[in-house]
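Chemist: no FASTA, just this:
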Ligand code: PXL
């Protein structure tokens, strides 16, 4: 029988940035390549992301409610919901409403607590917003902070060098805040980058990749999109993290070869076909 729900779908609550390869413009191709239908709910519209010196930014908070209402009328059901960059403090309450209304028994909720990187919050993130982001943690089946975001969520001072035991403590704190599974991404360890997968009562799993160049913008969004689609397709979290980290590595290598500026995200287009296999 015909239905809007005959194919797996992931709702992506994130910004639309026209240039810079992040958020929705990354989630759409990546999730689609992995054969899952991607349905974006924009949180803001930007000409380009906020790491450029200048950008146009239009907060979408006031439009989200009628947008969500139409999806309700359509009876849409999602196997996955991913939240990412949010446009305002007020918007966080709407995102929670969206999660409450659209999370079913079969839905995996991935909360990417997008707030900052390299120890600093992004340009549009106020301290109030960062504080409010903590209230999204209990909704997460999977929470994917980088080290900066893990520190903000746990009120821990940021520093450059981390021991795995210290990151495990941060993950424990986020677990106590209500996240089911936690992946702390991009932990520098010599010439390697480690992703730490934490699940209450289980041994911590480490996914290591050789560092091929400095971190680039938008890679966190590729990371969360691959994890969400892979888990929705039945993969374990550890396998999904391994796939995401490996994919990002080859994209960074291409971006270095093509001399892509650090701001411009990674040229994932060169490798998208690999995700379809
Ligand atoms: O990739 C994180 C991100 C997402 N969306 C916007 C951003 C950033 C990081 O700078 O500015 C608009």
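Modeler: Thanks, I have it. Since the structure is predicted, the reported quantities are computational estimates derived from the model, not experimental observations.

Chemist: can you pull the contacts of the nearest residue to residue 224 once chain neighbours are set aside?
Modeler: Once flanking residues are discounted, residue 224 sits nearest to residue 112: 4.3 Å by C-beta to C-beta, 6 or more residues apart in numbering. Using the backbone N, CA and C atoms, a C-beta is placed for each residue, glycine as well. By C-beta atoms under 8 Å, 6 or more residues apart in numbering, the contact list for residue 112 reads 82-84, 143-145, 220-221, 224.

Chemist: Mind doing that once more with 6 Å?
Modeler: Residues in contact with residue 112 (C-beta atoms under 6 Å, 6 or more residues apart in numbering) are 84, 144, 224.

Chemist: next one: residue 132
Modeler: Residues near residue 132 by C-beta under 6 Å, 6+ apart: 89, 92.

Chemist: What's the first helix or strand after whichever strand or helix holds residue 10?
Modeler: Using DSSP states H and E, residue 10 maps to strand 9-19. Proceeding N to C from strand 9-19, the next assigned helix or strand is helix 23-33, under DSSP H and E.

Chemist: other SSEs contacting that next one?
Modeler: On a contact count with 3 or more C-beta pairs under 6 Å, 6 or more residues apart in numbering; DSSP states H and E, helix 23-33 meets strand 9-19, strand 37-48, helix 219-232, helix 272-275.

Chemist: Quick one: work out the angle between it and strand 9-19.
Modeler: 130 degrees (axes from the mean of the first three to the mean of the last three C-alpha atoms, to 10 degrees).

Chemist: Which residues does helix 23-33 contact?
Modeler: With contact meaning C-beta under 6 Å, 6+ apart, helix 23-33 is reached by 10, 12, 14-17, 38, 40, 84-85, 218, 221-222, 225, 229, 272, 275-276.

Chemist: and if you look at stretch 183-190?
Modeler: 144-146, 150, 162, 167, 171, 193-197, 223, 241.

Chemist: Give me the buried subset of those.
Modeler: 144-146, 150, 162, 167, 171, 193-197, 223, 241 (16 or more other C-beta atoms under 10 Å).

Chemist: Quick check on residue 145: phi, psi?
Modeler: phi -80, psi 150 (degrees, to the nearest 10).
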